[in-house]
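K.L.:
how would this look folded up:
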Amino acid sequence: MKKIPVNCPCCDAKLKVSKLVCDSCDTEVVGKFTLPLLMQLTIEEQEFVLNFLKYSGSLKEMANQMGKSYPTVRNILDDLIHKLNSLADEN
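P.N.:
As a prediction, the model looks like this:
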């Protein structure tokens, strides 16, 4: 699966969605739309969030599944929370 780019390949500025298309009826919506916060995360960060939900927020279980220590997984979560807060402030 191709990854949706979130940064401009030329200047690294954040990209915005400008067109949405319905596959069913070919309706098009044109404008400038900000990507949802979760789509602005890296693939690895998105997978971490999905696993966090999958394991009902159990960092202990995530640490076991990831083969990492609990403090390492906690630090990853803390960094992700900080990044999401920063992205929310930008939007």
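K.L.:
Quick check, pLDDT for the closest residue to Ala13 other than its chain neighbours.
P.N.:
Spatially, and ignoring its direct neighbours in sequence, Ala13 is nearest to Asn7 (6.8 Å; Cβ to Cβ, 6 or more residues apart in numbering). C-beta coordinates here come from the backbone N, C-alpha and C atoms, glycine included. As summarised for this prediction, Asn7 has a pLDDT of 86.
K.L.:
surely Asn7 meets Lys14?
P.N.:
Yes: at 6.2 Å, Asn7 counts as touching Lys14 under the criterion of Cβ atoms under 8 Å.
K.L.:
Let's see the longest helix along the chain as PDB, backbone CA atoms only.
P.N.:
Counting residues, the longest helix found in the chain (DSSP state H) is helix 70-90. C-alpha atoms of helix 70-90 as PDB (Å, rounded to 0.1, in the frame of the first residue of the first chain):
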ATOM      1  CA  TYR A  70       7.700  -1.200  29.800                       C
ATOM      2  CA  PRO A  71       9.600   2.100  30.300                       C
ATOM      3  CA  THR A  72      10.600   2.100  26.600                       C
ATOM      4  CA  VAL A  73       7.000   1.700  25.500                       C
ATOM      5  CA  ARG A  74       5.900   4.400  28.000                       C
ATOM      6  CA  ASN A  75       8.500   6.800  26.600                       C
ATOM      7  CA  ILE A  76       7.300   6.100  23.000                       C
ATOM      8  CA  LEU A  77       3.700   6.900  24.200                       C
ATOM      9  CA  ASP A  78       4.800  10.100  25.900                       C
ATOM     10  CA  ASP A  79       6.700  11.200  22.800                       C
ATOM     11  CA  LEU A  80       3.600  10.400  20.700                       C
ATOM     12  CA  ILE A  81       1.300  12.400  23.100                       C
ATOM     13  CA  HIS A  82       3.700  15.400  22.900                       C
ATOM     14  CA  LYS A  83       3.800  15.200  19.000                       C
ATOM     15  CA  LEU A  84       0.000  15.000  18.800                       C
ATOM     16  CA  ASN A  85      -0.300  18.000  21.100                       C
ATOM     17  CA  SER A  86       2.100  19.900  19.000                       C
ATOM     18  CA  LEU A  87       0.300  19.000  15.800                       C
ATOM     19  CA  ALA A  88      -3.000  20.000  17.300                       C
ATOM     20  CA  ASP A  89      -1.600  23.400  18.200                       C
ATOM     21  CA  GLU A  90      -0.400  23.900  14.600                       C
END
